[in-house]
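K.L.:
Okay, predicted coordinates and the sequence, questions at the end:
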Amino acid sequence: MELYKLTVHEVRDLIDSKAISSSDLLKSILGRINEVENKLNSFITIDTDSALDQAKKLDETRPQGKQGLDLVGIPYGVKDNISTKDMPTSCASKMLRNYRTNYDATVVKKLRDKGAILVGKLNLDSFAIGSSGETSYFTNTKNPWRLNKVPGGSSGGSAAAVAADLIMFSLGTDTGGSIRQPAAFCGIVGMKPTYGLVSRYGLFPLASSLDQIGPLTKDVRDCAIVLNAITGHDQKDSSSIDKYSYPDYRSFLFKDIKGLRIGIPQELLKDASLDVKNHIKKAAKHYVELGAKVEETSFKLSKYSVPVYFLISSAEAASNLARFYDINYKSEDHSPLSFDEIYIKSRTEGFASSVKRRIMIGNLALEANNYEDYYLQATKIRAMIRKELEKLLKDFDLLLSPTTPSVAFNFSSMEKDLLNTYKWDASTVPANLAGLPAISIPCGFSNDGLPIGMQLMGRPYGEGTLLMAAHAFEQSTDYHKKRLHALEV
Ligand code: GLN
């Protein structure tokens with residue numbers, strides 16, 4: 001049996017019944033990495049020795065995978081903008097190419113405490129800005145379904161590695177869709193939790209009022225398992241919610257969805273390709289067969305969400321990225337240069353052009369003369385968008401839409417039409433603007449065989465309902481089982 005192909009919940013049973021050891025699983029994973037990673041480039045750092053050490057220790061003590069320990073011995077990867085004390089954290093940038101933090105992000109610490117085995121750090125668009133994975137300083141990650149297609153972004157490495165069975169699950173970050181969009185492009189499950197549900201301590205922030213960390217997994221059940229492990233209040237993150245009783249997300253999985261009210265905002269369908277549209281309509285029919293009440297609805301402010309998102313995220317990115325220059329994050333010796341020279345040189349050379357573009361737009365929007373017309377205006381419209389979504393989510397339990405208007409595209413297509421490609425984030429950014437949870441799951445394939453993702457967006461802290469609806473769909477279809485791809489030929 002090829003262990004690397006299994007899901008977390010499948011290997012859990014095998015490890016607990018002692019049919020296999022954690023080392024057996026890890027060796028299978030490392031073998032797979034050895035075999036295909038050179039075609040995919042999904043990792044920036046891999047630490048085989050320390051992973052093998054951890055697996056060996058777990059096999060000696062053999063903690064059982066009982067309640068709360070579902071991840072003991074499970075190999076996973078983390079997007080390389082999340083701090084890890086034992087491995088560098090580069091944000092896929094030249095600026096931080098040699099940078100190491102001396103602490104673990106809260107999510108990494110939680111997973112370590114629960115016995116999960118960190119195999120490596122995953123590639124991304126530099127500083128998590130982008131939708132294709134192409135702006136990494138290191139290398140381009142490829143889509144495992146078709147190597148000439150992008151894996152999506154910014155969590156492209158996190159999605160490609162899970163889709164190609166190089167790790168059992170991964171963590172990504174989502175500011176405007178960076179978990180859900182690559183999950184859709186690579187045919188896996190990706191969830192952006194409610195703002196504040198998962199601690200961001202140790203994450204290199206992009207836009208602090210939008211960022212969330214979340215899981216990328218092979219199926220919905222694994223998503224619930226990983227979510228259980230990473231949620232919880234954290235005093236080190238001021239946006240982390242307090243006094244909330246975190247449910248066991250697995251308990252929602254097998255609930256009946258009869259009577260669930262699902263709305264389909266027509267505005268989020270209109271720019272989708274025919275393939276994508278048809279599959280969303282098919283998914284809607286499927287939900288009706290499962291007993292849900294599905295209706296068309298309207299999200300009138302939808303057309304403002306992309307411009308508002310780009311203004312707010314750029315403004316916040318400009319201020320978050322202001323601290324990066326090569327005196328704080330020293331990567332080379334600049335001794336003869338003055339402070340100003342080092343500042344200019346390191347920012348000129350250390351940031352990708354995509355990052356500089358965001359910083360410039362952000363600073364322009366924040367400038368005293370422009371602030372009221374741009375930034376302030378955007379925050380007001382953001383509040384209206386949030387209100388409209390809250391109202392819609394009173395009428396409906398969930399909103400269903402495509403995750404992306406098209407399937408994975410060719411390399412270099414974004415640069416050609418940058419302004420237009422921003423529109424591709426229209427389905428994903430509303431959840432960030434309103435702080436809502438949203439999940440992307442596979443819902444079919446395009447005519448040329450590439451995965452299509454559908455998004456379910458829910459009420460604040462409504463992850464349970466999302467998982468319930470996603471699981472009901474997944475378990476009555478087999479899109480998530482269809483495996484790949486360019487790597488097997
Ligand atoms: N594509 C979006 C952007 O470039 C998403 C980024 C993200 O979610 N980190 O802003």
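P.N.:
Looks like it arrived, so ask away.
K.L.:
Quick check: closest non-adjacent residue to the closest residue to the ligand within the stretch 51-200 of the chain.
P.N.:
At 2.9 Å from the ligand, residue 178 is the closest residue in the stretch 51-200 of the chain, using C-beta to the nearest ligand atom. Backbone N, C-alpha and C define where each C-beta goes, glycine included. Spatial nearest neighbour of residue 178, chain neighbours left out: residue 154 (4.1 Å); criterion: C-beta to C-beta, 6 or more residues apart in numbering.
K.L.:
residues in contact with the one you found?
P.N.:
Neighbouring residues of residue 154 by C-beta atoms under 8 Å, 6 or more residues apart in numbering: 124, 125, 128, 129, 130, 131, 133, 172, 173, 175, 178, 182.
K.L.:
which ones among those residues are found in helices?
P.N.:
Judged by DSSP state H, the contacts of residue 154 include residue 182 as members of helices.
K.L.:
and the contacts of residue 154, which of them are in strands?
P.N.:
172, 173 (DSSP state E).
K.L.:
Need the max-distance pair from the contacts of residue 154.
P.N.:
Farthest-apart pair in the contacts of residue 154 is 133 and 175; separation 14.9 Å (C-beta to C-beta).
K.L.:
more neighbours, these two?
P.N.:
Comparing residue 133 with residue 175 by other C-beta atoms under 10 Å, the one with more neighbours is residue 133, at 32 against 27.
K.L.:
quick one, what contacts the nearest residue to that one once chain neighbours are set aside?
P.N.:
Ranked by C-beta to C-beta, 6+ apart and with sequence neighbours excluded, the top spatial neighbour of residue 133 is residue 156, at 2.8 Å. Residue 156 sits next to 42, 123, 124, 125, 132, 133, 136, 141, 150, 182 when contact means C-beta under 8 Å, 6+ apart.
K.L.:
what's around the third one, how many residues?
P.N.:
In other words, residue 124. Residue 124, neighbours per other C-beta under 10 Å, totals 33.
K.L.:
Distance-wise, check it relative to residue 365.
P.N.:
Applying C-beta to C-beta, to the nearest Å, the value for residue 124 to residue 365 is 24 Å.
K.L.:
ok, now the second one?
P.N.:
From residue 123 over to residue 365 the distance is 29 Å, taken as C-beta to C-beta.
K.L.:
same check, this time on the last one
P.N.:
From residue 182 across to residue 365, the span is 27 Å (C-beta to C-beta).
K.L.:
higher neighbour count, these two?
P.N.:
Taking other C-beta under 10 Å, residue 182 and residue 365 do not tie; residue 182 has more neighbours (39 against 21).
K.L.:
Please verify my assumption that that one contacts residue 132.
P.N.:
No: look at residue 182 against residue 132 with C-beta atoms under 8 Å: they stay out of range, at 9.1 Å.
K.L.:
how about the spatially most distant residue from the centre of the chain, phi and psi?
P.N.:
Here the centre of the chain is the reference, and by C-alpha atoms, centre = their mean the most remote residue is residue 336, at 41.8 Å. Main-chain dihedrals, residue 336, degrees, to the nearest 10: phi -70, psi -10.
K.L.:
and if you look at residue 324?
P.N.:
Dihedral angles for residue 324 - degrees, to the nearest 10 - are phi -90, psi 110.
K.L.:
Tell me how far the closest residue to it other than its chain neighbours lies from residue 488.
P.N.:
Once flanking residues are discounted, residue 324 sits nearest to residue 95: 5.3 Å by C-beta to C-beta, 6+ apart. Distance, residue 95 to residue 488, by C-beta to C-beta: 37 Å.
K.L.:
who has more neighbours, the two?
P.N.:
Using other C-beta under 10 Å, the more surrounded residue of residue 95 and residue 488 is residue 95, with 25 against 9.
K.L.:
Test my guess that the more buried one contacts residue 352.
P.N.:
No: under the criterion of C-beta under 8 Å, residue 95 makes no contact with residue 352, lying 9.2 Å away.
K.L.:
For the stretch 351-489 of the chain, which segments count as helices?
P.N.:
353-366, 377-395, 413-416, 418-422, 429-434, 463-475 (DSSP state H, counting those that start in this stretch).
K.L.:
Ranking these by mean neighbour count, which comes first?
P.N.:
helix 429-434 (a mean of 26; mean count of other C-beta atoms under 10 Å).
K.L.:
how far out from the middle of the chain is that helix?
P.N.:
On the basis of C-alpha atoms, centre = their mean, to the nearest Å, helix 429-434 is displaced by 14 Å from the centre of the chain it belongs to.
K.L.:
ok, which residues in the stretch 101-250 of the chain are in contact with the ligand?
P.N.:
Neighbours of the ligand within the stretch 101-250 of the chain, by C-beta under 6 Å from any ligand atom: 128, 129, 130, 131, 154, 173, 174, 175, 176, 177, 178, 206.
K.L.:
Of those - the most surrounded one?
P.N.:
Counting neighbours by other C-beta under 10 Å, residue 178 comes out on top of those with 36 neighbours.
K.L.:
That one: what's it in contact with?
P.N.:
When contacts are taken as C-beta under 8 Å, 6+ apart, residue 178 is in contact with 124, 125, 128, 131, 153, 154, 155, 172.
K.L.:
Now do the same contact list for the third one.
P.N.:
Residue 128 makes contact with 79, 81, 91, 154, 155, 173, 175, 178, 204, 206 under the criterion C-beta under 8 Å, 6+ apart.
K.L.:
List the residues that contact the last one.
P.N.:
Think residue 206. Contacts of residue 206 by C-beta under 8 Å, 6+ apart are 81, 127, 128, 129, 173, 175, 313, 316, 317, 320.
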